[in-house]
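>>> Starting from these lines, generate the structure:
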Amino acid sequence: MKTLLYATDFSDNSISALKFAAMLSQKFKAKLFMLHVFDMKPTFMSTVSISYSRLEETAFKENNSKLTDFCKKHLGKDPETLGISLLISEHSISSTGILENAEKINADLVIIGTKGSTILKDLFIGSTASSLIDKSYVPLIIVPEKTPSKQIEKIAYATAFEQADILAIHRLVAIAEPFNAMIKLVHISPKGEYAGEDQMAWFKEMLENKVTYPNIEFDLRFADNINSSLQSYVEEEDPSLLAMLEREGHGLLNNIWHKDIVKQMKSVVKIPLLSFHKRNL
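Numbering: from 1, shown residues only. Now for the predicted structure:
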């Protein structure tokens, strides 16, 4: 983890995500970028008395000042002192602006908050949310409002015992290792399915050959509703982070671990949610 990207709309709901991103940056000794994406309104673009280029220049300066003030207010120091770089981007689609900047700086991780008034509101309503989760080539951490920026002690990873899970867990170890955090791999099988234990034994063997990290435990559970069972698991185990793999495709496995589970869980889980995408591992 060398480069982190945090995106904000300056709302109160993005404060926890900033503090979480700063904590990760310090722990990973990684470069942190703060990003704000804004949209030049058509009314301003059509103003005859002021050229578009001057309006755009003014908007960039104003938003740069807002980013600086936001950092000072919530981290206690200005970005330069903290070694944080500021990014301002103009784009009509917030998620696209975030992804373009993530690619530009070669980010290893993107951190965002929830329930914001502009960017973050857009991210979690309809197609824009799907776009960010589906298209992001880097892992995405979604931080709920009022999440404490404490050290990561335990990470729960919801596994379907797929080959792709091993690749995701390998990347997850890079996040867990600096904290010496426990990784709990939880698999939820439908009631009455007896292949779960055999699948877990196979997966354990595969994982041991690919991932060398001592702090990994397995938990096999049986339930008819994966979402509610996973939510109960999180409440019982109280992990610092819930990690999931966004899946797509067909077949029995995807009828159970369907591709929208990450989007559904982010609305009910009250801890940071880490999303990998199978296509980009």
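>>> If you count neighbours, what's buried in stretch 18-37?
Buried residues in stretch 18-37, counted by 16 or more other CB atoms under 10 Å: 18-22, 24-25, 28, 30-37. All C-beta spots, glycine's among them, are computed from the backbone N, C-alpha and C.
>>> what does the domain assignment say about this protein?
Domain assignment for the chain, taken from automatic domain parsing, gives 3-143, 154-275.
>>> Pull the contacting residues for the residue nearest to residue 114 when sequence neighbours are not counted.
Spatial nearest neighbour of residue 114, excluding adjacent residues (CB to CB, 6 or more residues apart in numbering): residue 144 at 5.4 Å. Taking CB atoms under 8 Å, 6 or more residues apart in numbering, we find residue 144 in contact with 16, 113-114, 269-272.
>>> Not counting stretch 182-192 itself, show me its contacts.
Residues from elsewhere that reach stretch 182-192, judged by CB under 8 Å, 6+ apart: 153-161, 169, 172-173, 176, 195-196, 199-200, 213, 215-224, 226, 229-230, 233, 237, 239, 256.
>>> Pull out the buried residues from it.
182-189.
>>> if you look at the residues you listed, which of them are in helices?
Applying DSSP state H to those, no entry is found in helices.
>>> Widest-spaced pair of those?
182 and 189 (22.3 Å; CB to CB).
>>> and residue 143, how far is that from residue 99?
18 Å (CB to CB, to the nearest Å).
>>> Oops, could you answer that again for residue 11 instead?
From residue 11 to residue 99 the distance is 20 Å (CB to CB).
>>> Which one's more surrounded, the two?
More crowded of residue 11 and residue 99, by other CB atoms under 10 Å: residue 99, with 22 against 18.
>>> Just name the closest of the buried residues of stretch 18-37 to residue 71, please.
Among the buried residues of stretch 18-37, and counting by CB to CB, the member closest to residue 71 is residue 34, at 6.4 Å.
>>> That'll do, ta.
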